[in-house]
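In: whatever this is, show me its structure:
(one chain, ligands or ions: 1)
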Amino acid sequence: MCGIVGYTGKREAYPIIIKGLRRLEYRGYDSAGVALVNEDGLKVYKKKGKVADLEDTLVGVNLHSHTGIGHTRWATHGEPSDRNAHPHTSQNGEIAMIHNGIIENYAQLKNELLKKGYTFKSDTDTEVLLNFIENIKTNNNSTLEEAVRIALRRIVGAYCILLVDKHDPETIIAARKGSPLVIGIGKGEHFLASDASPIIEYTKEVVYVNDYEMAIIRPDELILKNLGNEKQTPFITKLDMELAAIEKGGYDHFMLKEIFEQPTTIQDCLRGRLDAEAGTIIMSGIEKYIGQIMDAPRIIIVACGTSWHAGLVAEYIIEETCRIPVEVEYASEFRYRNPVVNKGDVIIAISQSGETADTLVAIEKAKEQGAIIVGIVNAVGSSIARVSHTGAYTHAGPEIGVASTKAFTAQLAVLTMVALKVGYAKGTLEKDRYLQLCKDLAEIPAKAAEVLKLDNQIKTLAEKYKDAPDFLYLGRGYNFPVALEGALKLKEISYIHAEGYPAAEMKHGPIALVTEVLPVVFVATKDNYHAKVVSNMQEIKARKGKVISIITEGDTVSPTLSDDVIILPPTDEILAPMLSAIPLQLLAYHIGVAKGYDVDKPRNLAKSVTVE
Ligand code: M6R
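Out: Purely as a prediction, here's the structure:
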């Protein structure tokens, strides 16, 4: 959470920083601020609200500077307010700092500083760290770089920090542990950001800073050091991302653009891997570890949110095709209990951002206990991708909308390929079924495009049901996690209370909620349980609930029990979630828009949850 941007070079810093913050707003939008340094000193401007609110207050202000840092906040310590907005300035007013992360021992440090006479203008842990640094700098008469290094040795928690010093107007000091930092290398200029999106239009050469590293950055110089003050060689990577991928491209919202990209993103994910005619799936990261995966006594999937739902689908597919027991864990629970992880267990970590703090720490813990970590990640070069022993990228491109959509279907596509590959290699998936599934999988992008043609119909449904106070989403088997995902999408985008449930479990409690005003969405595509789901529809209808069913072409029974039907092209039940998720994404999107909400930036949320 929180987005950070920095620039030092020959251009005006402010426009670059503001543009970068707009790109990073998906990481938080409780407040925004910039600190600019030049020969005349240090200026800090900050404001509660979105980046646009900050920009409005700065119209007509002289913002001339060639070095600066900027921040967009997702509040942790202290309510969203001007006072708690970053950048913070040190007590002597000479240093400004922005921070993404949480300083866990801030209370102890604050007490020490209070005893030394420090006072605080905000409620943040960031201001505590900053004054701790200032205090070290003053007492030791050291440089800012040295003071930061000394201070960080005492810090417990996660951080990516950028600092500027009014006496050194061409230098930015940066450091990270647990929160991401990318440095873009230009000609006589450097760019810093939480991800590559603010950098991409200026340079494709970047350095991903590692945990416990610091960077001292000037227009013509990038020095990377560890916290022991030893120089590190920056590893320069070429960005494989185009500017168009992070712009709306004519759509009203990123979320809609990303929903509509799915035929392409699923195809991108299959490209170069799946050859349906030859019956081959090439995934070098999986091939390297295929022996260990096939022989794994157990697979544990760890993830959060939508990625956790993808993990649930994968559990069903892997158990079916590979006959390996699978457990799916919320990363946040897994990391704090004392899970039994044995040598040889395989952990699959699923994450769009690759930066989710809970998932990252969960896999680090499991790795220490001897597990093999397979990362299924979208963001190339992200922390989870780097911590994993091996893995496969989902290649969905940057996902900007806070509600995850295309990342989910790409995760399903990758996980399906992993399961088919391992199952076939292991002999638990018969050749005919394997070949048929490969062919069916290759057809998913075209079928996803068919599903998107239902957009207008779903928009009409959204108008019809947008005022319902609650929704219930039901599904069985492979469609049960899709029901959970549909409910999550609706909650985050439209603020309507929604619950996802296994369709059969409904009669053990939630059926009490059914009234004639409760919309019940059945994810009821053709599968082995279809007749059972139809019985559950009967049960809802008998209690006068409103049934909206997502069904497969040719199903003549469900429409007789439904108030509204959404008809999808047929596919194998294993693959159906990649199609059945799409109308639920559209339904949530259109209800959110109909209610007048900012669907790309839903309240209280952030795209990348880098705090625990
Ligand atoms: O980046 P990750 O996939 O690790 O993120 C996990 C969740 O934070 C994420 O899926 C979240 O639930 C989304 N807002 C759902 O739309």
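In: what residues does the stretch 301-450 of the chain have near the ligand?
Out: Neighbours of the ligand within the stretch 301-450 of the chain, by C-beta under 6 Å from any ligand atom: 304-307, 351-353, 356, 359, 402-404. All C-beta atoms are positioned from the backbone trio N, CA, C, and that covers glycine.
In: closest one to the ligand out of those, please.
Out: residue 305 (1.9 Å; C-beta to the nearest ligand atom).
In: quick one: residue 2 and residue 85 touch, right?
Out: No. The pair residue 2 and residue 85 fails to qualify as a contact (C-beta atoms under 8 Å) at a distance of 10.8 Å.
In: intersection of neighbour lists for the two?
Out: Here residue 2 and residue 85 have 71, 73 as joint contacts, going by C-beta atoms under 8 Å, 6 or more residues apart in numbering.
In: roughly how far does residue 93 sit from residue 561?
Out: 69 Å (C-beta to C-beta, to the nearest Å).
In: just give the closest residue to whatever residue of the stretch 501-612 of the chain ends up closest to the ligand, not the sequence neighbours.
Out: The stretch 501-612 of the chain approaches the ligand most closely through residue 609 (4.6 Å), counting by C-beta to the nearest ligand atom. Excluding its sequence neighbours, the residue lying closest to residue 609 (C-beta to C-beta, 6 or more residues apart in numbering) is residue 356, at 5.3 Å.
In: what about the strands in the stretch 151-300 of the chain?
Out: Using DSSP state E, counting those that start in this stretch, the strands of the stretch 151-300 of the chain run over 157-165, 172-177, 182-185, 190-193, 205-208, 213-218, 221-226, 231-232, 236-238, 274-275, 280-281, 299-303.
In: next up, the contacts around the residue nearest to residue 609.
Out: Counted by C-beta under 8 Å, 6+ apart, residue 356 has contacts 303-304, 307, 331, 384, 608-610.
In: now, which of those residues lie within strands?
Out: residue 303 (DSSP state E).
In: filter the contacts of residue 356 down to the ones in helices?
Out: The helices, defined by DSSP state H, take in 307, 331, 384 from the contacts of residue 356.
In: I'd like those laid out as CSV, including neighbour count, distance to residue 572 and pLDDT.
Out: Output for these, formatted as CSV (neighbours: other C-beta atoms under 10 Å; distance: C-beta to C-beta, whole Å; pLDDT from 0 to 100):
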residue, neighbour count, distance to residue 572, pLDDT
307, 26, 23, 98
331, 28, 29, 94
384, 28, 30, 93
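In: residue 244: neighbouring residues, count only.
Out: 9 (other C-beta atoms under 10 Å).
In: distance check, it against the ligand.
Out: 22 Å (C-beta to the nearest ligand atom, to the nearest Å).
In: ok, that residue to residue 398 distance?
Out: On the measure of C-beta to C-beta, residue 244 and residue 398 end up 10 Å apart.
In: same question for residue 260.
Out: Taking C-beta to C-beta, one finds residue 260 at 15 Å from residue 398.
In: could you do residue 485 as well?
Out: Distance from residue 485 to residue 398, by C-beta to C-beta: 20 Å.
In: ok, these two, which is more surrounded?
Out: Taking neighbours as other C-beta under 10 Å, residue 485 and residue 398 compare with residue 485 leading, 31 against 23.
In: dump the host helix or strand of the more buried one to PDB, keeping only the CA atoms.
Out: For residue 485, the element it lies in under DSSP states H and E is helix 479-494. The C-alpha atoms that make up helix 479-494 are tabulated as PDB, following Å, rounded to 0.1, in the frame of the first residue of the first chain:
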ATOM      1  CA  ASN A 479     -18.000 -23.000  -9.400                       C
ATOM      2  CA  PHE A 480     -18.000 -22.700  -5.600                       C
ATOM      3  CA  PRO A 481     -14.800 -20.500  -5.600                       C
ATOM      4  CA  VAL A 482     -16.300 -18.500  -8.500                       C
ATOM      5  CA  ALA A 483     -19.400 -17.800  -6.300                       C
ATOM      6  CA  LEU A 484     -17.000 -16.500  -3.600                       C
ATOM      7  CA  GLU A 485     -15.200 -14.400  -6.200                       C
ATOM      8  CA  GLY A 486     -18.500 -13.000  -7.500                       C
ATOM      9  CA  ALA A 487     -19.500 -11.900  -4.000                       C
ATOM     10  CA  LEU A 488     -16.100 -10.400  -3.300                       C
ATOM     11  CA  LYS A 489     -16.200  -8.300  -6.500                       C
ATOM     12  CA  LEU A 490     -19.700  -7.000  -5.700                       C
ATOM     13  CA  LYS A 491     -18.700  -6.100  -2.100                       C
ATOM     14  CA  GLU A 492     -15.600  -4.200  -3.100                       C
ATOM     15  CA  ILE A 493     -17.000  -2.300  -6.100                       C
ATOM     16  CA  SER A 494     -20.600  -1.600  -5.200                       C
END
